[in-house]
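*Asks:* mind looking at a prediction? Sequence and model below.
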Amino acid sequence: MRPNGLLLLFAATCTWCGISLGQSAGMDTLTIEEAVGLALLHHPSLRAAEAGVRAASAGHTLAMSAYFPSLSFNASATHTEGVFVFNPVVPARYQIYSSYSGGLQAQQVLFDFGKTIGKVSANTDFTDAARADYASVREQVKLNVQVAYFGLLAAQRVAAVTEDAVAQSQKHLTQAKAFYAAGRRPQFDVTKAEVDLANVNVSMIKAANLMLVTRVQLENAMGMEPPRPYVVSESLLFPAFDASMDSVKGAALQRRPELLAARARVEGNRALARSVWSQHLPTISAIGGWTWNGFQPSPLYPRWNAGLQFTLPLFLGFSVDAQVQQADAVADAAQATLDTQTQAVMLEVEQAYFGLKEAGERRVATAKLVEQAEQNFILADRQYVAGVGTPLDVTDAQVSRSNAQITNIQALYDYITSLVKLRRAMGIVD
């Protein structure tokens with residue numbers, strides 16, 4: 001599967017992330033392309049959508065069968081024994097005989113005033129709709145995998161931030177103990193550092209659990225659990241996106257699979273309604289046959305026939321009118337579904353578009369926030385070591401730095417997920 005530049009995330013702006021979870025010993029590295037490929041092979045929703053395509057294709061073949069002649073063969077053999085009365089004045093007599101018959105019957109519709117054409121046209125549209133449904137499910141599976149993959153990446157980075165905070169808290173506790181032993185700091189500093197370390201250890205537990213949850217979400221999105229332990233790749237970038245709202249909406253209206261499927265169903269149901277109404281019209285067919293009949297032990301005698309058949313329904317108990325009304329109602333419902341789906345797609349496009357813009361601006365702001373928080377932490381730590389700062393200053397600076405880093409991770413995650421959601425809303429197929 002070829003790489004997609006719009007699915008790359010988290011550039012080296014996160015230089016504070018000091019671990020590489022994608023290089024764990026004894027584990028496979030699962031790239032996003034591989035995760036999507038596994039999902040396309042194993043996710044059960046794709047099997048259901050593919051079965052829908054097969055069913056619609058079979059319906060199209062069934063409708064096309066009306067263009068071809070029908071040919072049937074029948075045969076029968078009858079054995080009869082009993083008393084027969086042929087005439088009141090002739091005595092009854094007991095008889096035994098066997099009869100045999102066989103024949104071929106053929107029929108070809110010559111013209112049915114649009115019945116078959118309407119059904120074929122409708123089922124062609126229904127098949128197109130089923131294929132669009134399959135494309136929609138396929139793209140949704142890919143989106144779910146991408147979002148879950150990036151969610152696991154974000155959880156890994158949060159865990160890295162928390163691990164760094166644990167190391168810093170442990171370092172601060174060691175410093176506090178050394179200063180207390182030298183008489184430079186009170187016992188309170190040691191106690192405060194122990195409390196801070198306990199707090200970040202709790203955060204580490206939460207971060208580890210978040211990684212487990214996001215890993216399960218990724219495997220659920222793939223529809224399977226990889227047979228070997230794995231880590232997700234960290235070598236990701238995030239691209240810029242610059243397009244107007246009108247161009248994004250235009251692309252969605254033209255390419256979104258759900259809209260293509262809904263339009264095809266509207267056309268198919270309209271064609272089916274016309275086909276149902278044409279049942280009021282006659283049907284002209286050619287018919288013919290060849291039969292063999294005879295009694296044992298006489299030979300079978302051949303006979304053939306050919307002709308034209310004209311069928312005109314005069315009264316069917318209002319069943320045709322009811323079918324027409326039903327077909328029109330289904331077509332109107334399909335049109336309403338298309339209108340509703342169009343509104344939903346436009347809403348999805350707008351939400352993803354504005355979410356992407358907001359996340360992009362937030363990403364720039366949080367990168368600056370991380371830089372400032374890092375400088376503030378370094379300054380607070382140096383002041384504490386020099387004896388002019390307090391442990392509360394160090395704790396506040398550490399918390400601010402961790403919060404800034406996590407906020408930056410969330411901005412990066414929101415940016416890339418908004419980007420893939422916008423591409424999905426636009427109906428862009430990789």
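*Replies:* That came in fine, so what should we check first? Residues are numbered from 1 along each chain as shown.
*Asks:* where do the strands sit along the stretch 201-350 of the chain?
*Replies:* Remark: strands assigned in the stretch 201-350 of the chain by DSSP state E, counting those that start in this stretch are 230-232, 283-295, 301-311.
*Asks:* return the most buried member of those.
*Replies:* Among these, strand 230-232 has the highest mean neighbour count (mean count of other C-beta atoms under 10 Å), at a mean of 20. Every residue, glycine included, has its C-beta placed from N, CA and C.
*Asks:* the one helix or strand Ala122 maps to versus strand 283-295: what angle between them?
*Replies:* For Ala122, the host element (DSSP states H and E) is helix 115-181. Helix 115-181 runs at 110 degrees relative to strand 283-295, counting by axes from the mean of the first three to the mean of the last three C-alpha atoms, to 10 degrees.
*Asks:* now do helix 115-181: which elements does it pack against?
*Replies:* helix 32-42, helix 44-64, helix 187-222, strand 230-232, helix 257-277, helix 319-386, helix 391-426 (3 or more C-beta pairs under 8 Å, 6 or more residues apart in numbering; DSSP states H and E).
*Asks:* now render these as a markdown table, adding distance to Gln175 and mean pLDDT.
*Replies:* As requested, these are exported to a markdown table (distance: least, C-beta to C-beta, whole Å; pLDDT from 0 to 100):
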| stretch | distance to Gln175 | mean pLDDT |
| --- | --- | --- |
| helix 32-42 | 42 | 91 |
| helix 44-64 | 55 | 94 |
| helix 187-222 | 8 | 91 |
| strand 230-232 | 34 | 86 |
| helix 257-277 | 60 | 93 |
| helix 319-386 | 7 | 91 |
| helix 391-426 | 9 | 89 |
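*Asks:* the nearest residue to Val213 once chain neighbours are set aside and Tyr149: what is the separation?
*Replies:* Of all residues not flanking Val213 in the chain, Ala155 sits nearest, at 7.7 Å (C-beta to C-beta, 6 or more residues apart in numbering). Distance, Ala155 to Tyr149, using C-beta to C-beta, to the nearest Å: 11 Å.
*Asks:* the more surrounded of those two?
*Replies:* The residue with more neighbours, out of Ala155 and Tyr149, is Tyr149; 30 against 24, by other C-beta atoms under 10 Å.
*Asks:* enumerate every residue touching that one.
*Replies:* Neighbouring residues of Tyr149 by C-beta atoms under 8 Å, 6 or more residues apart in numbering: 32, 35, 218, 221, 232.
*Asks:* so what pLDDT did it get?
*Replies:* For Tyr149, the pLDDT comes out at 93.
*Asks:* the one 3 residues further on too?
*Replies:* According to the per-residue confidence, Leu152 scores 93 in pLDDT.
*Asks:* surely it meets Thr214?
*Replies:* Yes. Contact criterion C-beta atoms under 8 Å: Leu152 and Thr214 qualify, at 4.3 Å.
*Asks:* of these two, which one has the most company?
*Replies:* Neighbour tally, Leu152 and Thr214, criterion other C-beta under 10 Å: the higher count belongs to Leu152, 24 against 21.
*Asks:* residues touching the more buried one, list them.
*Replies:* Neighbours of Leu152 in contact, by C-beta under 8 Å, 6+ apart: 211, 214-215, 217-218, 232.
*Asks:* before we move on, what about Phe310?
*Replies:* So Phe310 contacts 282-284 (C-beta under 8 Å, 6+ apart).
*Asks:* tell me the one of those residues nearest Gly118?
*Replies:* Distance to Gly118, by C-beta to C-beta, is smallest for Thr283 among those, at 13.3 Å.
*Asks:* so what pLDDT did that closest one get?
*Replies:* 90.
*Asks:* how much space between it and Phe310?
*Replies:* 8 Å.
*Asks:* still on that earlier bit, and the contacts of Tyr149, which two are furthest apart?
*Replies:* Ala221 and Val232 (12.4 Å).
*Asks:* columns distance to Ala373 on top of the contacts of Phe310, output as a markdown table?
*Replies:* Formatted as a markdown table, the contacts of Phe310 follow (distance: C-beta to C-beta, whole Å):
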| residue | distance to Ala373 |
| --- | --- |
| Pro282 | 84 |
| Thr283 | 81 |
| Ile284 | 85 |
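*Asks:* closest one of the residues you listed to Asp321?
*Replies:* Distances from Asp321 to these, taken by C-beta to C-beta, are shortest for Pro282, at 17.2 Å.
*Asks:* contact partners for that closest one?
*Replies:* 112-113, 310-313.
*Asks:* how about the strands of the stretch 201-350 of the chain, which one is nearest Phe86?
*Replies:* strand 283-295 (15.9 Å).
*Asks:* contact partners of that closest one?
*Replies:* Taking C-beta under 8 Å, 6+ apart as the rule, strand 283-295 contacts 97-113, 115, 300-312.
*Asks:* how far off centre is it?
*Replies:* 53 Å (C-alpha atoms, centre = their mean, to the nearest Å).
*Asks:* partner strands of that strand, parallel or antiparallel?
*Replies:* If you go by DSSP bridges, strand 283-295 pairs up with strand 93-111 (antiparallel), strand 301-311 (antiparallel).
*Asks:* related to what we said a few turns ago, closest to Ala132 among the contacts of Phe310?
*Replies:* Closest approach between these and Ala132, by C-beta to C-beta: Thr283, at 33.4 Å.
*Asks:* bridged to the closest one, which residues?
*Replies:* Thr311.
*Asks:* and the pLDDT at Cys17?
*Replies:* Confidence score, pLDDT, at Cys17: 33.
*Asks:* counting neighbours, which bits of stretch 65-79 end up buried?
*Replies:* For stretch 65-79, the buried set under the neighbour-count rule, 16 or more other C-beta atoms under 10 Å, is empty.
*Asks:* any idea how far it is from the chain center?
*Replies:* Mean C-alpha position of stretch 65-79 versus that of the full chain (C-alpha atoms, centre = their mean) differs by 45 Å.
*Asks:* okay, now the closest residue to Ala154 other than its chain neighbours: neighbour count?
*Replies:* Spatially, and ignoring its direct neighbours in sequence, Ala154 is nearest to Tyr413 (4.1 Å; C-beta to C-beta, 6+ apart). When neighbours are counted by other C-beta under 10 Å, Tyr413 registers 22.
*Asks:* now for the closest residue to Ser203 other than its chain neighbours, how many residues are close by?
*Replies:* Once flanking residues are discounted, Ser203 sits nearest to Thr162: 5.0 Å by C-beta to C-beta, 6+ apart. For Thr162, the neighbour count with other C-beta under 10 Å is 23.
*Asks:* just Arg424 next, same as before
*Replies:* By the criterion of other C-beta under 10 Å, Arg424 has 24 neighbours.
*Asks:* hang on, it packs against Val145?
*Replies:* No. Taking contacts as C-beta under 8 Å, Arg424 lies outside contact range of Val145: 11.6 Å.
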